[in-house]
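# Got a sequence here, can you build the structure:
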Amino acid sequence: MPVRRMTLTDGFMPRTPYRWPLTELGRLMPAHDLFMELEETISVCNNDRRFDRLLLQPDMSDVTIDRERGVLTALCQWAPKSMLRVKAVD
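From the prediction side, this is the model:
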């Protein structure tokens, strides 16, 4: 059974391009490995309390790798973490 990607209504979560610089090593990595690194980077951002947005992992079709310019661009859906936090009830 295929796993369904977490999503919220399209109107709730805007899609924004996020850009990350590629290191020299990153410029040489296969696309699959870069995508795995991107997933890890997004996970780190999502767990960082200083980062105010929750990013959904993009589909591979929403990721562009520009090796010449040294930039990876991913079109990600996001929501403010403040809207997603559940308040504790006494």
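# rest of the way, CA atoms for contacts and neighbours
OK.
# and after the longest helix seen in the chain, which helix or strand comes next?
Determined from DSSP state H, the single longest helix within the chain is helix 31-47. The helix or strand immediately downstream of helix 31-47 is strand 53-55, counting by DSSP states H and E.
# Make sure C76 is indeed in a helix.
No: C76: not assigned to a helix; according to DSSP: H, G, I helix; E, B strand; the rest coil it is strand.
# begin at 145 from here
Got it, the first residue is 145 from now on, which makes the last one we talked about C220.
# partners of it in the sheet?
With DSSP bridges applied, C220 shows beta-bridge pairing to T160.
# wait, what's in contact with it?
159-162, 199-202, 206 (Cα atoms under 8 Å, 6 or more residues apart in numbering).
# how about a cut-off of 10 Å?
If you count contacts by Cα atoms under 10 Å, 6 or more residues apart in numbering, C220 has them with 157-162, 186, 198-203, 206-207.
# Just give me the least confident of those.
Across these, the bottom pLDDT score, 76, is held by M157.
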